[in-house]
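Visitor: Just need the structure, nothing else, for what follows:
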Amino acid sequence: MKSFMNVPVVASSKLGPQSLFRACDAESPDAAFFASFKERFQAFEQIDAGFGAFKKAALEATVGATEVELENRRELDAQTRERFAAILHEAYSTGAMSAPVAFLESLSKPDLEVLRRAQALAEHIDTHRLSLEGAYNLLLPGGYKVDFNKDGLSEIGIAKTAFFPPVDAPQEFRSAWLHATEGLPEIEVMVHSLLLWSTLHQDQIVMPEQGRFVVVRTDLLSTYWKLLQDRVKMNEEFRAFLAPGQYERERAFYLRLSDLMGAKV
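Guide: Numbering: from 1, shown residues only. Here you go, the predicted structure:
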């Protein structure tokens, strides 16, 4: 594990923002990501406004394919897209990711509104209610997340969302997952993600009064072998209660995923 700006992040072999849209998937940024983002944004700024298509392509290369797809779905205007990228560049260039809450507190209300719209949040951002994780994720483009407390949920502002695979999943599993889900309808990927997430965290005991929970070792490949075994077993046990075709779809997916991992379930 590496560290950037004193915040632990998972090392990644990628040198910059994602070139392909990654539905229902995210990774943690490393130092190379932040460096690449800054270089790409600076290149974007140097392109004359008269070269509209080239400038637009440079901005998209800066934020990555997942962020572009999300911005399209959220129907963000060009000005909001550019300002969002500029805010991220400022944060990455000033060391603000070591104190993201303080950085957000320094932003104007219009800039906080840009972040709210870019992150598709329902409520206005109240910086006094933000955790480190919630603030950090506000300053990441789509396709990137952190899960500092390893509860399987990603705080974005004060919103909490489940996601799968975990950001610290071993590369062997992440690669198998990307190949297994390639070409599947997005809704099907979402269903597989939710089922595997819920099974992965079913034994996680939350104790709010003590502020503790049982941490699932999502960084171990053996965790995913057991996860697939559990899902296949549950699929068999509840076969009679599943919708037509669901049993076959799930079983085929789990077997394909396990084959890609080099494991048998």
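Visitor: ok, the closest residue to residue 26 other than its chain neighbours - how many residues close by?
Guide: Of all residues not flanking residue 26 in the chain, residue 145 sits nearest, at 4.2 Å (C-beta to C-beta, 6 or more residues apart in numbering). Bear in mind the C-beta positions are built from the backbone N, C-alpha and C, glycine included. Close neighbours of residue 145, defined as other C-beta atoms under 10 Å, add up to 21.
Visitor: Same check on residue 26?
Guide: The tally of other residues near residue 26 (other C-beta under 10 Å) stands at 23.
Visitor: Surely the residue nearest to residue 26 and residue 24 touch.
Guide: No: the pair residue 145 / residue 24 is not scored as a contact, 11.6 Å apart, by C-beta atoms under 8 Å.
Visitor: Overlap in contacts, those two.
Guide: Common contact partners of residue 145 and residue 24 (C-beta atoms under 8 Å, 6 or more residues apart in numbering): residue 163.
Visitor: For the chain, give me the ranges with low pLDDT.
Guide: Along the chain, the parts satisfying pLDDT under 70 run over 1-16, 23, 203-214, 263-265.
Visitor: domain ranges for it?
Guide: In the domain annotation for the chain, the residue ranges read 2-157, 171-261 (automatic domain parsing).
Visitor: Would you mind telling me which of the ones you listed is nearest residue 164?
Guide: Closest of the domains of the chain to residue 164 is domain 171-261, at 4.1 Å (criterion: C-beta to C-beta).
Visitor: Tell me the span between the first and last residue of that closest one.
Guide: 10 Å (C-alpha to C-alpha, to the nearest Å).
Visitor: Tell me how far that domain lies from the chain's centre.
Guide: Distance of domain 171-261 from its chain centroid, counting by C-alpha atoms, centre = their mean, to the nearest Å, is 17 Å.
Visitor: What of stretch 74-90?
Guide: 18 Å.
Visitor: Quick one: residues in contact with that stretch.
Guide: 37-38, 41-42, 44, 56, 59, 62-63, 71, 96, 107, 111, 114-115, 117-118, 120, 139-141.
Visitor: out of these, which are buried?
Guide: 37, 41, 44, 56, 59, 62-63, 71, 96, 107, 111, 114-115, 117-118, 139-141 (16 or more other C-beta atoms under 10 Å).
Visitor: taking the residues you listed one by one, which sit in helices?
Guide: Per DSSP state H, helices hold the following members of the buried ones among the contacts of stretch 74-90: 37, 41, 44, 56, 59, 62-63, 71, 111, 114-115, 117-118.
Visitor: Determine the three-state secondary structure at residue 121.
Guide: coil (DSSP: H, G, I helix; E, B strand; the rest coil).
Visitor: Contacts only, for it.
Guide: Counting by C-beta under 8 Å, 6+ apart, the residues that residue 121 touches are 115, 156, 157, 159.
Visitor: those helices in the protein, which residues are they?
Guide: Per DSSP H, the chain carries helices over the ranges 31-45, 52-63, 65-73, 78-93, 100-106, 109-118, 132-138, 171-181, 186-200, 221-237, 246-261.
Visitor: Reformat the ones you listed as a markdown table; add distance to residue 165.
Guide: Listed next are those as a markdown table, based on distance: least, C-beta to C-beta, whole Å:
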| stretch | distance to residue 165 |
| --- | --- |
| helix 31-45 | 18 |
| helix 52-63 | 22 |
| helix 65-73 | 15 |
| helix 78-93 | 24 |
| helix 100-106 | 24 |
| helix 109-118 | 24 |
| helix 132-138 | 17 |
| helix 171-181 | 5 |
| helix 186-200 | 8 |
| helix 221-237 | 8 |
| helix 246-261 | 11 |
